[in-house]
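Undergrad: with the sequence up front, the predicted model follows.
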Amino acid sequence: LVLGNPASPKSNYTIYISVKATNTVAADSSHRATLDLSALDNFTFAGGFIGVAGDGSTGANNQPVGTFLLAKTNLIIANRTSSTLGTIRISHNPGGNATGAAENLMELGHDNAINTIYLRIGGMKALNGGAMRFRQGLTNPTLKLRGPDGLSRLSLLTLGDNWDTATGVASTGVLDLSGGTVDGLIETLHVARTFNNGGSTTSSGSGTGTLTFTAGTIDVTTLFLGCQGKNNAATGTGVISVRHNASLVAGTINIGGDAGTQSGTGNGALNVDGGTVLVSGNILENDASGGDGASTINMTNAGVLNLQPSGDLTSRNITVDTLNFSSGTLTNYGTLGLRTLNLHSPATAFTVRSGQALTAVGAGTNPIGTLTVNGSLTLTNATWHCDLSDSPTGSNDLLTVTGTLRLSGSNQVEINMVDGTLVVG
(Lines give C-alpha, C1' and ligand atoms only; values in the text may rest on other atoms or scores of the structure.)
Protein backbone atom coordinates (compact mmCIF):
# COMPACT_ATOMS: atom_id res chain seq x y z
CA LEU A 1 0.00 0.00 0.00
CA VAL A 2 1.47 3.35 -1.10
CA LEU A 3 -0.16 6.65 -0.14
CA GLY A 4 1.55 9.66 -1.73
CA ASN A 5 4.83 10.00 -3.60
CA PRO A 6 8.02 9.59 -1.52
CA ALA A 7 9.93 11.68 -4.07
CA SER A 8 7.51 14.59 -3.59
CA PRO A 9 5.40 14.32 -0.39
CA LYS A 10 2.33 16.55 -0.27
CA SER A 11 1.87 18.37 3.03
CA ASN A 12 -1.94 18.34 2.68
CA TYR A 13 -2.08 14.52 2.63
CA THR A 14 -3.21 13.32 6.06
CA ILE A 15 -4.18 10.20 8.01
CA TYR A 16 -6.65 10.49 10.90
CA ILE A 17 -7.36 7.47 13.10
CA SER A 18 -9.78 8.64 15.73
CA VAL A 19 -13.25 8.22 17.16
CA LYS A 20 -14.67 11.15 19.08
CA ALA A 21 -16.96 10.51 21.99
CA THR A 22 -18.93 12.04 24.83
CA ASN A 23 -17.69 11.60 28.37
CA THR A 24 -19.96 8.58 28.90
CA VAL A 25 -19.03 6.74 25.72
CA ALA A 26 -15.32 7.56 26.05
CA ALA A 27 -15.26 5.73 29.36
CA ASP A 28 -15.85 2.50 27.41
CA SER A 29 -12.42 1.25 26.27
CA SER A 30 -14.00 -0.70 23.37
CA HIS A 31 -14.96 2.59 21.72
CA ARG A 32 -11.98 2.90 19.37
CA ALA A 33 -10.97 3.59 15.78
CA THR A 34 -8.42 1.10 14.42
CA LEU A 35 -6.40 1.03 11.21
CA ASP A 36 -4.86 -2.45 11.01
CA LEU A 37 -2.17 -2.88 8.34
CA SER A 38 -0.38 -5.72 10.14
CA ALA A 39 -1.14 -8.25 7.36
CA LEU A 40 0.58 -6.09 4.71
CA ASP A 41 4.19 -6.68 3.69
CA ASN A 42 4.85 -3.01 2.87
CA PHE A 43 3.29 0.33 3.69
CA THR A 44 4.44 3.76 2.49
CA PHE A 45 2.98 7.11 3.48
CA ALA A 46 4.40 10.29 1.98
CA GLY A 47 2.40 13.28 3.12
CA GLY A 48 1.98 15.95 5.74
CA PHE A 49 0.42 14.67 8.95
CA ILE A 50 -0.64 11.58 10.92
CA GLY A 51 -2.93 11.75 13.94
CA VAL A 52 -3.74 8.72 16.11
CA ALA A 53 -6.39 10.02 18.50
CA GLY A 54 -4.56 13.26 17.96
CA ASP A 55 -6.57 15.46 15.64
CA GLY A 56 -6.72 18.33 18.12
CA SER A 57 -10.38 19.23 17.54
CA THR A 58 -12.09 21.38 20.13
CA GLY A 59 -15.12 20.66 22.29
CA ALA A 60 -15.68 18.97 25.63
CA ASN A 61 -17.16 15.89 23.94
CA ASN A 62 -14.12 15.29 21.75
CA GLN A 63 -12.37 12.47 23.61
CA PRO A 64 -10.56 10.63 20.81
CA VAL A 65 -9.47 7.00 20.88
CA GLY A 66 -7.37 5.29 18.19
CA THR A 67 -4.94 2.50 17.26
CA PHE A 68 -2.62 2.28 14.24
CA LEU A 69 -1.08 -1.14 13.55
CA LEU A 70 1.67 -0.81 10.96
CA ALA A 71 2.72 -3.29 8.27
CA LYS A 72 5.76 -5.55 8.34
CA THR A 73 7.92 -2.94 6.54
CA ASN A 74 7.02 0.76 6.77
CA LEU A 75 8.25 4.07 5.35
CA ILE A 76 6.48 7.08 6.83
CA ILE A 77 7.29 10.61 5.64
CA ALA A 78 5.40 13.49 7.29
CA ASN A 79 6.50 17.03 6.44
CA ARG A 80 3.77 19.46 7.52
CA THR A 81 5.94 22.33 8.79
CA SER A 82 2.98 24.51 9.76
CA SER A 83 1.91 22.11 12.52
CA THR A 84 2.97 23.36 15.95
CA LEU A 85 1.05 20.54 17.67
CA GLY A 86 3.03 17.66 16.21
CA THR A 87 3.56 16.44 12.66
CA ILE A 88 2.89 12.91 13.89
CA ARG A 89 0.96 12.87 17.14
CA ILE A 90 -0.35 9.95 19.15
CA SER A 91 -2.99 10.88 21.75
CA HIS A 92 -3.46 14.64 21.76
CA ASN A 93 -6.58 16.59 22.69
CA PRO A 94 -5.98 20.26 23.57
CA GLY A 95 -9.58 21.35 23.16
CA GLY A 96 -11.49 18.60 24.96
CA ASN A 97 -11.63 17.18 28.46
CA ALA A 98 -9.10 14.40 27.87
CA THR A 99 -8.30 11.67 25.40
CA GLY A 100 -10.56 8.67 25.71
CA ALA A 101 -10.33 5.54 27.80
CA ALA A 102 -7.29 3.25 27.52
CA GLU A 103 -4.06 3.83 25.68
CA ASN A 104 -3.79 5.27 22.18
CA LEU A 105 -1.19 3.34 20.22
CA MET A 106 1.02 3.25 17.12
CA GLU A 107 2.36 -0.31 16.90
CA LEU A 108 5.52 -0.76 14.83
CA GLY A 109 6.18 -3.62 12.43
CA HIS A 110 9.47 -5.39 11.76
CA ASP A 111 11.26 -2.66 9.78
CA ASN A 112 10.21 0.95 10.29
CA ALA A 113 11.55 4.27 8.98
CA ILE A 114 9.83 7.40 10.30
CA ASN A 115 10.99 10.65 8.68
CA THR A 116 9.25 13.63 10.20
CA ILE A 117 9.63 17.04 11.85
CA TYR A 118 7.84 16.71 15.19
CA LEU A 119 6.91 13.33 16.70
CA ARG A 120 4.64 13.71 19.72
CA ILE A 121 3.67 10.68 21.82
CA GLY A 122 1.23 11.54 24.58
CA GLY A 123 0.38 15.16 23.85
CA MET A 124 -2.06 17.51 25.55
CA LYS A 125 -4.48 15.84 27.96
CA ALA A 126 -3.37 12.32 27.01
CA LEU A 127 -4.85 11.12 30.28
CA ASN A 128 -4.65 7.40 29.50
CA GLY A 129 -1.51 7.78 27.50
CA GLY A 130 -0.07 7.62 24.03
CA ALA A 131 2.41 4.91 23.14
CA MET A 132 4.69 3.60 20.40
CA ARG A 133 6.19 0.11 20.64
CA PHE A 134 7.15 -2.90 18.56
CA ARG A 135 4.59 -5.62 17.85
CA GLN A 136 5.01 -8.59 20.16
CA GLY A 137 6.63 -11.72 18.79
CA LEU A 138 8.97 -10.04 16.27
CA THR A 139 12.64 -11.03 16.00
CA ASN A 140 14.99 -8.02 16.20
CA PRO A 141 12.67 -5.39 14.71
CA THR A 142 14.14 -2.00 13.77
CA LEU A 143 13.17 1.67 13.94
CA LYS A 144 14.97 4.52 12.15
CA LEU A 145 14.11 8.13 13.08
CA ARG A 146 15.11 11.05 10.84
CA GLY A 147 13.87 14.36 9.47
CA PRO A 148 11.63 14.42 6.36
CA ASP A 149 14.61 14.11 3.99
CA GLY A 150 15.61 10.82 5.62
CA LEU A 151 19.10 12.15 6.43
CA SER A 152 18.89 15.11 8.82
CA ARG A 153 17.90 15.05 12.49
CA LEU A 154 14.29 14.79 13.55
CA SER A 155 13.75 18.30 14.94
CA LEU A 156 11.61 17.45 17.98
CA LEU A 157 10.57 14.27 19.78
CA THR A 158 8.36 14.67 22.86
CA LEU A 159 6.85 12.14 25.29
CA GLY A 160 4.24 13.10 27.88
CA ASP A 161 4.00 16.57 26.39
CA ASN A 162 1.46 18.86 28.12
CA TRP A 163 3.08 21.99 26.73
CA ASP A 164 0.41 23.93 24.79
CA THR A 165 -2.47 24.91 27.04
CA ALA A 166 -3.06 25.54 30.74
CA THR A 167 -4.90 22.47 32.04
CA GLY A 168 -5.55 20.29 35.06
CA VAL A 169 -5.49 17.06 33.00
CA ALA A 170 -2.32 14.97 33.09
CA SER A 171 -0.55 13.49 30.06
CA THR A 172 1.48 10.30 29.61
CA GLY A 173 3.71 9.27 26.71
CA VAL A 174 5.63 5.99 26.27
CA LEU A 175 8.24 5.03 23.68
CA ASP A 176 9.22 1.43 24.45
CA LEU A 177 11.64 -0.11 21.95
CA SER A 178 12.54 -3.14 24.05
CA GLY A 179 13.51 -6.18 22.01
CA GLY A 180 14.39 -4.19 18.89
CA THR A 181 17.09 -1.91 17.52
CA VAL A 182 16.78 1.86 17.12
CA ASP A 183 18.76 4.29 14.95
CA GLY A 184 17.66 7.79 15.91
CA LEU A 185 19.09 11.22 15.10
CA ILE A 186 17.19 13.89 17.08
CA GLU A 187 17.77 17.59 17.60
CA THR A 188 15.67 18.11 20.77
CA LEU A 189 14.14 15.43 22.98
CA HIS A 190 11.69 16.13 25.82
CA VAL A 191 10.85 13.16 28.05
CA ALA A 192 8.00 14.77 30.01
CA ARG A 193 7.15 18.41 29.36
CA THR A 194 4.64 20.65 31.17
CA PHE A 195 2.77 23.81 30.18
CA ASN A 196 5.00 26.61 28.95
CA ASN A 197 2.91 28.45 26.38
CA GLY A 198 1.52 31.35 28.39
CA GLY A 199 1.51 33.12 31.74
CA SER A 200 -0.58 30.78 33.93
CA THR A 201 0.98 29.76 37.26
CA THR A 202 -1.99 27.57 38.25
CA SER A 203 -1.84 24.99 35.45
CA SER A 204 -1.53 21.58 37.15
CA GLY A 205 -1.59 19.24 34.15
CA SER A 206 1.53 17.17 34.70
CA GLY A 207 3.50 15.36 32.01
CA THR A 208 4.94 11.86 32.43
CA GLY A 209 7.28 10.41 29.81
CA THR A 210 9.13 7.09 29.54
CA LEU A 211 11.77 6.08 26.98
CA THR A 212 13.18 2.54 27.04
CA PHE A 213 15.51 0.93 24.51
CA THR A 214 17.72 -2.15 24.57
CA ALA A 215 19.80 -2.02 21.35
CA GLY A 216 20.97 0.56 18.83
CA THR A 217 21.71 4.27 19.27
CA ILE A 218 19.68 7.40 19.95
CA ASP A 219 21.78 10.50 19.24
CA VAL A 220 20.33 13.72 20.74
CA THR A 221 21.72 17.24 20.57
CA THR A 222 19.73 18.59 23.57
CA LEU A 223 17.87 16.42 26.06
CA PHE A 224 15.31 17.53 28.68
CA LEU A 225 14.44 14.73 31.09
CA GLY A 226 11.62 15.27 33.59
CA CYS A 227 11.72 19.06 33.45
CA GLN A 228 9.02 21.55 34.41
CA GLY A 229 8.19 23.82 31.49
CA LYS A 230 7.06 26.85 33.49
CA ASN A 231 6.73 28.01 37.09
CA ASN A 232 3.30 26.55 37.88
CA ALA A 233 1.56 23.68 39.68
CA ALA A 234 2.42 20.99 37.11
CA THR A 235 5.17 18.38 37.50
CA GLY A 236 7.23 16.86 34.73
CA THR A 237 8.31 13.27 35.47
CA GLY A 238 10.63 11.61 32.97
CA VAL A 239 12.52 8.31 32.90
CA ILE A 240 15.05 7.09 30.32
CA SER A 241 16.33 3.52 30.55
CA VAL A 242 19.37 2.61 28.42
CA ARG A 243 19.62 -1.16 28.66
CA HIS A 244 21.70 -4.09 27.41
CA ASN A 245 23.49 -3.09 24.17
CA ALA A 246 21.83 0.32 23.71
CA SER A 247 23.69 3.64 23.46
CA LEU A 248 22.48 7.15 24.22
CA VAL A 249 24.64 9.89 22.72
CA ALA A 250 23.81 13.39 23.95
CA GLY A 251 25.02 16.95 24.18
CA THR A 252 23.69 18.70 27.29
CA ILE A 253 21.28 16.72 29.49
CA ASN A 254 18.89 18.80 31.61
CA ILE A 255 17.40 16.50 34.26
CA GLY A 256 14.70 17.22 36.84
CA GLY A 257 14.67 20.99 36.33
CA ASP A 258 12.26 23.01 38.51
CA ALA A 259 11.07 26.27 36.96
CA GLY A 260 10.52 28.20 40.20
CA THR A 261 8.62 28.67 43.46
CA GLN A 262 5.22 27.20 42.58
CA SER A 263 4.11 23.76 43.82
CA GLY A 264 4.99 21.91 40.61
CA THR A 265 8.47 20.61 39.97
CA GLY A 266 10.69 18.48 37.76
CA ASN A 267 11.57 14.87 38.42
CA GLY A 268 14.03 13.09 36.12
CA ALA A 269 15.78 9.70 36.26
CA LEU A 270 18.44 8.32 33.92
CA ASN A 271 18.87 4.54 34.20
CA VAL A 272 22.19 3.35 32.78
CA ASP A 273 21.21 -0.31 32.99
CA GLY A 274 23.93 -2.21 31.10
CA GLY A 275 23.89 0.28 28.24
CA THR A 276 26.26 3.13 27.35
CA VAL A 277 25.62 6.86 27.73
CA LEU A 278 28.06 9.25 26.03
CA VAL A 279 27.64 12.93 26.93
CA SER A 280 29.69 15.72 25.32
CA GLY A 281 28.14 18.46 27.49
CA ASN A 282 27.10 18.71 31.13
CA ILE A 283 24.46 16.76 33.03
CA LEU A 284 22.70 19.23 35.31
CA GLU A 285 19.44 19.94 37.09
CA ASN A 286 19.34 23.58 35.94
CA ASP A 287 16.75 24.86 38.45
CA ALA A 288 15.34 28.36 38.23
CA SER A 289 15.47 30.68 41.26
CA GLY A 290 13.32 29.28 44.07
CA GLY A 291 13.05 25.85 42.46
CA ASP A 292 14.41 22.52 43.64
CA GLY A 293 13.79 19.59 41.32
CA ALA A 294 14.70 15.94 41.77
CA SER A 295 17.41 14.42 39.57
CA THR A 296 18.66 10.84 39.77
CA ILE A 297 21.20 8.68 37.93
CA ASN A 298 20.99 4.91 38.45
CA MET A 299 23.94 2.76 37.32
CA THR A 300 23.42 -1.01 37.18
CA ASN A 301 24.51 -4.12 35.26
CA ALA A 302 27.93 -2.74 34.24
CA GLY A 303 26.50 0.30 32.49
CA VAL A 304 28.86 3.01 31.22
CA LEU A 305 28.46 6.78 31.64
CA ASN A 306 31.24 8.63 29.80
CA LEU A 307 31.49 12.44 29.96
CA GLN A 308 34.22 12.67 27.32
CA PRO A 309 33.30 10.65 24.22
CA SER A 310 35.94 9.82 21.62
CA GLY A 311 37.11 12.98 19.86
CA ASP A 312 35.91 15.30 22.66
CA LEU A 313 38.82 17.20 24.22
CA THR A 314 37.03 18.44 27.35
CA SER A 315 35.63 16.47 30.25
CA ARG A 316 32.29 17.79 31.51
CA ASN A 317 30.49 18.00 34.84
CA ILE A 318 27.63 16.16 36.52
CA THR A 319 25.39 18.08 38.95
CA VAL A 320 22.43 16.01 40.17
CA ASP A 321 20.79 15.18 43.47
CA THR A 322 21.32 11.44 43.69
CA LEU A 323 23.62 8.79 42.25
CA ASN A 324 22.60 5.19 42.93
CA PHE A 325 25.60 3.04 42.03
CA SER A 326 25.50 -0.74 41.84
CA SER A 327 27.94 -1.61 39.05
CA GLY A 328 29.40 0.09 36.03
CA THR A 329 31.85 2.74 34.92
CA LEU A 330 31.46 6.47 35.51
CA THR A 331 34.37 8.08 33.73
CA ASN A 332 35.96 11.20 32.24
CA TYR A 333 33.97 13.71 34.29
CA GLY A 334 35.48 16.90 35.67
CA THR A 335 33.38 17.53 38.77
CA LEU A 336 30.76 15.21 40.24
CA GLY A 337 28.28 17.24 42.32
CA LEU A 338 25.78 15.31 44.45
CA ARG A 339 23.57 15.47 47.51
CA THR A 340 23.40 11.71 47.99
CA LEU A 341 25.57 8.81 46.80
CA ASN A 342 24.01 5.42 47.54
CA LEU A 343 26.08 2.27 47.04
CA HIS A 344 24.23 -0.97 46.33
CA SER A 345 25.50 -4.54 45.99
CA PRO A 346 27.78 -5.61 44.39
CA ALA A 347 29.49 -2.20 44.84
CA THR A 348 31.41 -1.87 48.11
CA ALA A 349 33.04 1.54 47.54
CA PHE A 350 33.01 4.44 45.12
CA THR A 351 36.34 5.82 43.88
CA VAL A 352 37.15 9.36 42.69
CA ARG A 353 40.38 9.31 40.70
CA SER A 354 43.06 11.63 39.32
CA GLY A 355 41.65 14.55 37.34
CA GLN A 356 38.24 14.17 38.97
CA ALA A 357 36.61 16.31 41.64
CA LEU A 358 33.80 15.65 44.10
CA THR A 359 31.56 18.33 45.59
CA ALA A 360 28.33 18.74 47.54
CA VAL A 361 25.21 20.14 45.89
CA GLY A 362 22.78 22.37 47.75
CA ALA A 363 19.04 22.69 47.36
CA GLY A 364 18.02 24.33 44.10
CA THR A 365 20.49 26.99 43.04
CA ASN A 366 22.30 27.07 46.40
CA PRO A 367 25.90 25.94 45.78
CA ILE A 368 26.42 24.97 49.44
CA GLY A 369 25.17 21.63 50.68
CA THR A 370 25.89 18.30 52.34
CA LEU A 371 26.97 15.23 50.40
CA THR A 372 25.99 12.01 52.14
CA VAL A 373 27.74 8.85 50.98
CA ASN A 374 25.83 5.76 52.09
CA GLY A 375 28.73 3.33 51.82
CA SER A 376 32.50 3.72 51.49
CA LEU A 377 34.38 6.37 49.52
CA THR A 378 37.94 6.42 48.16
CA LEU A 379 39.76 9.52 46.91
CA THR A 380 42.84 8.65 44.84
CA ASN A 381 44.85 11.71 43.72
CA ALA A 382 41.50 13.46 43.46
CA THR A 383 39.98 16.81 44.51
CA TRP A 384 37.35 17.70 47.08
CA HIS A 385 35.73 20.99 46.02
CA CYS A 386 34.50 22.81 49.11
CA ASP A 387 32.23 25.86 49.04
CA LEU A 388 32.58 28.07 52.13
CA SER A 389 30.69 31.06 53.51
CA ASP A 390 32.46 33.96 55.18
CA SER A 391 29.44 34.62 57.39
CA PRO A 392 29.78 33.40 61.01
CA THR A 393 26.27 32.01 60.77
CA GLY A 394 26.67 30.72 57.22
CA SER A 395 26.87 27.08 56.24
CA ASN A 396 29.67 25.27 54.41
CA ASP A 397 29.93 22.21 52.22
CA LEU A 398 29.98 19.02 54.27
CA LEU A 399 30.91 15.44 53.42
CA THR A 400 29.39 12.58 55.41
CA VAL A 401 30.50 8.99 54.79
CA THR A 402 28.64 6.18 56.56
CA GLY A 403 31.28 3.58 55.66
CA THR A 404 35.04 4.02 55.30
CA LEU A 405 36.72 7.11 53.84
CA ARG A 406 40.06 6.21 52.24
CA LEU A 407 42.58 8.81 51.08
CA SER A 408 45.18 7.45 48.65
CA GLY A 409 48.02 9.32 46.96
CA SER A 410 48.07 13.12 46.92
CA ASN A 411 44.56 14.57 47.18
CA GLN A 412 43.66 18.24 47.06
CA VAL A 413 41.07 20.46 48.71
CA GLU A 414 39.80 23.25 46.44
CA ILE A 415 38.22 26.09 48.44
CA ASN A 416 35.65 28.43 46.92
CA MET A 417 34.32 31.43 48.89
CA VAL A 418 30.68 31.77 47.87
CA ASP A 419 29.98 35.21 49.33
CA GLY A 420 33.26 36.69 50.47
CA THR A 421 37.03 36.46 50.62
CA LEU A 422 39.04 33.81 52.39
CA VAL A 423 41.26 35.31 55.10
CA VAL A 424 43.99 33.14 56.63
CA GLY A 425 45.78 34.22 59.86
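TA: Received it, and whenever you're ready, just let me know what you need.
Undergrad: what's near enough to touch residue 305?
TA: 272, 277, 279, 297, 299, 328-331 (Cβ atoms under 8 Å, 6 or more residues apart in numbering). Using the backbone N, CA and C atoms, a C-beta is placed for each residue, glycine as well.
Undergrad: which pair in those residues spans the largest distance?
TA: Based on Cβ to Cβ, the longest span within the contacts of residue 305 runs between 279 and 328 and measures 14.4 Å.
Undergrad: what about those two, which has more around it?
TA: More neighbours surround residue 279 than the other of residue 279 and residue 328, with 25 against 21 (other Cβ atoms under 10 Å).
Undergrad: that one reaches residue 253, doesn't it?
TA: Yes: using Cβ atoms under 8 Å, residue 279 makes contact with residue 253 at a distance of 6.0 Å.
Undergrad: how about the strands in the stretch 1-150 of the chain?
TA: In the stretch 1-150 of the chain, the strands defined using DSSP state E, counting those that start in this stretch lie at 2-4, 14-17, 33-36, 42-47, 49-52, 66-69, 73-78, 88-90, 104-108, 111-116, 118-121, 130-134, 142-146.
Undergrad: right, and residue 189 touches residue 222 too?
TA: Yes: between residue 189 and residue 222 there is a contact at 7.4 Å, judged by Cβ under 8 Å.
Undergrad: of those two, which one has the most company?
TA: residue 189 (28 against 15).
Undergrad: if I pick that one, what's in contact with it?
TA: Contacts of residue 189 (Cβ under 8 Å, 6+ apart): 156-158, 211, 218, 220, 222-224.
Undergrad: shaky segments in this structure?
TA: 21-30, 55-61, 96, 100-101, 197-199, 391-393, 420-425 (pLDDT under 70).
Undergrad: buried sites along the host helix or strand of residue 379?
TA: Element membership for residue 379 (DSSP states H and E) is strand 376-380. By neighbour count on 16 or more other Cβ atoms under 10 Å, the buried set for strand 376-380 is 376-377, 379.
Undergrad: now swap in stretch 311-319 and tell me
TA: In stretch 311-319, the ones that count as buried by 16+ other Cβ under 10 Å are 316-319.
Undergrad: out of these, which is nearest to residue 263?
TA: The closest of these, once distances to residue 263 are taken by Cβ to Cβ, is residue 319, at 23.7 Å.
Undergrad: my guess is the closest one contacts residue 333, does it?
TA: No: applying Cβ under 8 Å as the test, residue 319 and residue 333 come out as separate, 10.3 Å apart.
Undergrad: for the nearest residue to residue 177 once chain neighbours are set aside, helix, strand, or coil?
TA: Nearest residue to residue 177 in three dimensions, chain neighbours excluded: residue 213, at 4.2 Å (Cβ to Cβ, 6 or more residues apart in numbering). Using DSSP: H, G, I helix; E, B strand; the rest coil, the structure places residue 213 in strand.
Undergrad: was I right to think residue 213 contacts residue 174?
TA: No: assessed by Cβ under 8 Å, residue 213 is found out of contact with residue 174, at 11.9 Å.
Undergrad: so these two - more neighbours on which side?
TA: Remark: of residue 213 and residue 174, residue 213 carries more neighbours, 27 against 23, as counted by other Cβ under 10 Å.
Undergrad: what's that one in contact with, if anything?
TA: Residue 213 neighbours (Cβ under 8 Å, 6+ apart): 177-178, 180, 182, 241-243, 246, 275.
Undergrad: filter the residues you listed to the buried ones?
TA: 177, 180, 182, 241-243, 246, 275.
Undergrad: reformat those as a markdown table; add distance to residue 205 and secondary structure.
TA: Listed next are these as a markdown table, based on distance: Cβ to Cβ, whole Å; DSSP: H, G, I helix; E, B strand; the rest coil:
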| residue | distance to residue 205 | secondary structure |
| --- | --- | --- |
| 177 | 27 | strand |
| 180 | 31 | coil |
| 182 | 29 | strand |
| 241 | 25 | strand |
| 242 | 28 | strand |
| 243 | 30 | strand |
| 246 | 31 | strand |
| 275 | 31 | coil |
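Undergrad: what about the strands in the stretch 201-350 of the chain?
TA: Using DSSP E, counting those that start in this stretch, strands in the stretch 201-350 of the chain cover 207-227, 236-255, 266-273, 276-279, 283-284, 294-300, 303-306, 316-319, 322-325, 328-331, 333-338, 340-343, 349-352.
Undergrad: export the ones you listed to CSV and tack on distance to residue 95?
TA: Shown next, in CSV, are the strands of the stretch 201-350 of the chain (distance: least, Cβ to Cβ, whole Å):
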stretch, distance to residue 95
strand 207-227, 18
strand 236-255, 22
strand 266-273, 27
strand 276-279, 38
strand 283-284, 36
strand 294-300, 32
strand 303-306, 42
strand 316-319, 39
strand 322-325, 39
strand 328-331, 46
strand 333-338, 43
strand 340-343, 43
strand 349-352, 51
